[in-house]
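Undergrad: Kindly return the folded structure for what I paste below:
(chains A and B)
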Amino acid sequence: MGMTISEKIFSRHCKKGCKAGDVVMAPVDAAMIHDITGPLAINVFRDMGGDKVFDPKKIIMLFDHQIPADSINAAENHVMMREFAKEQGIYNYDIKEGVCHQVVPEKGRVKPGDIVVGSDSHTCTYGALGVFATGIGSTDMAYVLKFGELYFRVPETIKVSADGKFGDRVGPKDLILSLAGDIRADGATYKALEFCGSTFLDMEIPGRLTCSNMAIEMGAKAGIVPPDKKTWDYLKDRCTCTPFTLESDPDAKYSEERSYDVSELNPKVAVPHNVDNVVDVSEVAGKHIDQVFIGSCTNGRFEDFKEAADILGDNVFSKDVRVILVPASKDEYVKVLKAGLIEKFIDAGALVEAPCCGPCMGGAFGLLAPGEVSLSTSNRNFRGRQGSTEAFVYLSSPATAAASAIKGVITDPREV
Amino acid sequence: MGRVWKFGDDIDTDAIIPGRFLTIYDPKELASHAFEGTRDEFSKEAKDGDVIVGGKNFGCGSSREHAPIALKGAGVKYIVAKSFARIFYRNSINTGVLPVVCKDTDKISDGEEVTVNLKEAYIEAGGNRYPLEPIPGFMQEIVDAGGLVEYAKRR
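TA: Residues are numbered from 1 along each chain as shown, chains lettered A, B, ... in the order given. Now for the predicted structure:
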């Protein structure tokens, strides 16, 4: 019987044949902690009798959710993590680099075939580079910090094939929202998604990161794109790794297979309050919005802002909408800056913030009042996610967000 | 013996504990904000022994362990649902609030008197008994050890 990518990765790490459903103790190649879940992991590490972490070089630390510190509690948590990093010899990116799920791939801290855990649910983002990457809680992370390994259930795999070319102003975010609408919020629970087909082969790394990022919104444990030339080219100057082939065998067993023709795909919007409430933008076009957020680990990359700028053209943003733009990392920020886009956005009426999670988690700035409506390029629209539980968060692509920010109402990006 | 706090499908971790409280780690303090904005009476009225009963995909969303810790701080020992999101399920086991699967949660109503018997694998609510699925073997080892911290200490 052939093996899936996930089965191959676990087999290699465990040095024995692993098949879906097996529960195994597997070593991890990297572990990521940030300012929200990190302090709890460190506290539990101490409770476990932790003295020295398993390997400081394999631990990635950065702060992104509440930066610069937006409360005394947050500042205290940052201090505690900085001290831990110093004590253990862990390199800490601190508040300077940006959002974990952009910084980790960007700095070449993960590579195809790795098993990577992060105490953040969107750790599945690194699957875009052929990594088995998954989110874990703080106690599991404490265990990893101490022992460098963790229990995993080797997942079954759902194969998602997408073929064809995207139409004008339609892209990876519309595809992954469409998939979330079909698979539903729990349709891939405990499973891995494997993204295949010509659309994914044509897709650049930023688009793949967007798709893998949202695997968790279907309950998935991982969202993997088989590594190819684009993957190895992306990593070439970021880390030392030698290209190899990593793909599922032709006779691998999938729990389910789904096919998409993206040439027929329309821009999509997830309407409140669940990520799987997905409709064509035409169904909600004209809906008034108070705030637009372009950023987050889903859509805070240069390509996202470039597309927003193309749509903006010589227009300005609606005076009735607060437009908050937050590049996902320092590198992406500088790219946007050097392209002259930041000045363009500011002139058009936007607020451009330093790299961080921004309003996505509702912890720092950009919160919504009761009754307010936000259109966001992030990954979750749960009730209360970005402020009041009586506010409404819609999710879309950067193109739809930019078009809507210009018009002041939800707008099909093909109409601007 | 406790009371049932009944919830529906897809109860997410933002609902259990909103993002703005994630700088807090103390279980009691987290409990004082549990379900804030979605079910405000929970934090005021929940008592030791109360049981959360949910539908499918309970605990979807974030990896924040603050969610099961907040429920534990409120005195909840069991969460009974039709299905659980993966990370929340593990976090609950690890922190000692036991997630148990019961396919009959639709038949259980808010406010009913409830007891959970893990050994004999049933939940009794409103005078009726419904079967619980046993906790999977590998998870049972961690539960038997008293959580992942205790399990780790034994290594």
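
Undergrad: all contacts plus neighbour counts: C-alpha atoms, from now on.
TA: Fine.

Undergrad: residues in the stretch 1-150 of chain A within reach of chain B, list them.
TA: For the stretch 1-150 of chain A, the residues in contact with chain B (C-alpha under 8 Å from any C-alpha of the partner chain) are A:23, A:36-37, A:40, A:44, A:47-49, A:73-74, A:77, A:119-121, A:135-140, A:143.

Undergrad: ChimeraX command for the buried members of those?
TA: Selection of buried members from those for ChimeraX, criterion 16 or more other C-alpha atoms under 10 Å in any protein chain shown:
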select /A:36,37,40,44,47,48,74,77,119,120,121,135,136,137,138,139,140,143
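
Undergrad: Just the ones of the residues of the stretch 1-150 of chain A next to chain B in helices?
TA: Judged by DSSP state H, helices contain the following of those: A:40, A:44, A:47, A:73-74, A:77, A:138-140, A:143.

Undergrad: Kindly reformat these as CSV containing pLDDT.
TA: Formatted as CSV, these follow (pLDDT from 0 to 100):
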residue, pLDDT
A:Leu40, 96
A:Val44, 96
A:Asp47, 93
A:Asn73, 93
A:Ala74, 95
A:Asn77, 96
A:Ser138, 96
A:Thr139, 96
A:Asp140, 97
A:Tyr143, 96
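
Undergrad: can you tell me which residues contact the most centrally placed residue in chain B?
TA: The centre of chain B sits closest to B:Ile79, judged by C-alpha atoms, centre = their mean, with a distance of 3.1 Å. Counting by C-alpha atoms under 8 Å, 6 or more residues apart in numbering or on different chains, B:Ile79 touches B:51-54, B:97-100.

Undergrad: Mind jotting down where the helices sit in the stretch 201-350 of chain A?
TA: A:205-213, A:229-236, A:296-299, A:302-312, A:330-338, A:341-347 (DSSP state H, counting those that start in this stretch).

Undergrad: Tell me the predicted confidence for B:Arg20.
TA: pLDDT for B:Arg20: 90.

Undergrad: likewise A:Cys297?
TA: A:Cys297 is given a pLDDT of 97.

Undergrad: In chain A, which residue sits nearest chain B?
TA: A:Gly363 (4.4 Å; C-alpha to the nearest C-alpha).

Undergrad: The nearest residue to that residue once chain neighbours are set aside: what secondary structure?
TA: Leaving aside its chain neighbours, A:Gly363 sits nearest to B:Arg20 (4.4 Å; criterion: C-alpha to C-alpha, 6 or more residues apart in numbering or on different chains). Secondary structure assignment for B:Arg20 (DSSP: H, G, I helix; E, B strand; the rest coil): helix.

Undergrad: so B:Arg20 sits right up against A:Leu367, yeah?
TA: No - in this structure, B:Arg20 is not within contact of A:Leu367 by C-alpha atoms under 8 Å, at 10.0 Å.

Undergrad: Comparing these two, which residue is more hemmed in?
TA: A:Leu367 (20 against 17; other C-alpha atoms under 10 Å in any protein chain shown).

Undergrad: who's in contact with that one?
TA: Contacts of A:Leu367 by C-alpha under 8 Å, 6+ apart are A:359, A:386-388.

Undergrad: Chain B against chain A: which residues are in contact?
TA: Neighbours of chain A within chain B, by C-alpha under 8 Å from any C-alpha: B:10, B:12, B:14-15, B:18-25, B:37-38, B:57, B:60-65, B:85-88, B:90-91, B:94-95, B:138, B:148-150, B:152-153.

Undergrad: give the contact list for B:Pro18.
TA: With C-alpha under 8 Å, 6+ apart, B:Pro18 has these contacts: A:362, A:384-385, B:33-36.

Undergrad: Next up, the contacts around A:Tyr394.
TA: Residues in contact with A:Tyr394 (C-alpha under 8 Å, 6+ apart) are A:269-272, A:373-376, A:381.

Undergrad: Kindly recompute the last result at 6 Å.
TA: Residues near A:Tyr394 by C-alpha atoms under 6 Å, 6 or more residues apart in numbering or on different chains: A:270-272, A:375.

Undergrad: and it, helix, strand or coil?
TA: Per three-state DSSP, A:Tyr394 ends up strand.

Undergrad: Between the ones in helices among the residues of the stretch 1-150 of chain A next to chain B, which sits nearest A:Gly313?
TA: A:Ala74 (38.9 Å; C-alpha to C-alpha).

Undergrad: Skipping adjacent residues, who's closest to that closest one in space?
TA: Nearest residue to A:Ala74, sequence neighbours excluded (C-alpha to C-alpha, 6+ apart): B:Thr23, at 5.8 Å.

Undergrad: before we move on, the earlier item: with neighbour count added, can I get the contacts of A:Leu367 in a markdown table?
TA: As requested, the contacts of A:Leu367 are exported to a markdown table (neighbours: other C-alpha atoms under 10 Å in any protein chain shown):
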| residue | neighbour count |
| --- | --- |
| A:Pro359 | 26 |
| A:Gln386 | 30 |
| A:Gly387 | 26 |
| A:Ser388 | 18 |
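
Undergrad: Dump those residues into a markdown table; add secondary structure and pLDDT as well.
TA: Below are the contacts of A:Leu367 laid out as a markdown table (DSSP: H, G, I helix; E, B strand; the rest coil; pLDDT from 0 to 100):
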| residue | secondary structure | pLDDT |
| --- | --- | --- |
| A:Pro359 | helix | 95 |
| A:Gln386 | coil | 95 |
| A:Gly387 | strand | 94 |
| A:Ser388 | coil | 94 |
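
Undergrad: Just put these in TSV and tack on distance to chain B.
TA: Shown next, in TSV, are the contacts of A:Leu367 (distance: C-alpha to the nearest C-alpha, whole Å):
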residue	distance to chain B
A:Pro359	10
A:Gln386	8
A:Gly387	8
A:Ser388	8
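
Undergrad: Is B:Val149 within a helix or a strand, and which one?
TA: When elements are assigned from DSSP states H and E, B:Val149 belongs to helix B:148-153.

Undergrad: got a winner among the contacts of B:Pro18 for most neighbours?
TA: Busiest of those [other C-alpha under 10 Å] is B:Ala34, holding 30 neighbours.

Undergrad: Could you pull up the residues touching it?
TA: B:16-17, B:43, B:70.

Undergrad: So which of those sit within strands?
TA: Of the contacts of B:Ala34, none are assigned to strands by DSSP state E.

Undergrad: can you pick the most crowded of those?
TA: Going by other C-alpha under 10 Å, B:Ile17 tops those with 28 neighbours.

Undergrad: Which residue, other than its chain neighbours, is closest to it?
TA: B:Ala34 (5.2 Å).

Undergrad: Determine the three-state secondary structure at that neighbour.
TA: coil.

Undergrad: quick one: what helix or strand has A:Ala402 in it?
TA: Per DSSP H and E: helix A:398-407 holds A:Ala402.

Undergrad: Show me what that helix is in contact with.
TA: With C-alpha under 6 Å, 6+ apart as the test, helix A:398-407 has contacts from A:304, A:308, A:317-318, A:377, A:410-411, A:413.

Undergrad: okay, and the helix or strand of chain B with the least pLDDT?
TA: helix B:137-145 (a mean of 80; mean pLDDT, DSSP states H and E).

Undergrad: So for that helix, what gets flagged as buried?
TA: B:142-143.

Undergrad: Need the residues that contact it.
TA: Against helix B:137-145 from outside (C-alpha under 6 Å, 6+ apart): B:148, B:151.

Undergrad: from the chain's centre, how far out does it sit?
TA: Taking C-alpha atoms, centre = their mean, to the nearest Å, one finds helix B:137-145 lying 17 Å from the centre of the chain it belongs to.

Undergrad: For it, C-alpha coordinates in PDB please.
TA: Only the C-alpha atoms of helix B:137-145 are listed here, as PDB (Å, rounded to 0.1, in the frame of the first residue of the first chain):
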ATOM      1  CA  GLY B 137      -6.200   4.500  24.900                       C
ATOM      2  CA  PHE B 138      -3.300   6.800  24.500                       C
ATOM      3  CA  MET B 139      -5.200   9.700  26.000                       C
ATOM      4  CA  GLN B 140      -6.300   7.500  28.900                       C
ATOM      5  CA  GLU B 141      -2.600   7.000  30.000                       C
ATOM      6  CA  ILE B 142      -2.300  10.800  30.400                       C
ATOM      7  CA  VAL B 143      -5.600  11.000  32.200                       C
ATOM      8  CA  ASP B 144      -4.600   8.200  34.500                       C
ATOM      9  CA  ALA B 145      -1.300   9.900  35.300                       C
END
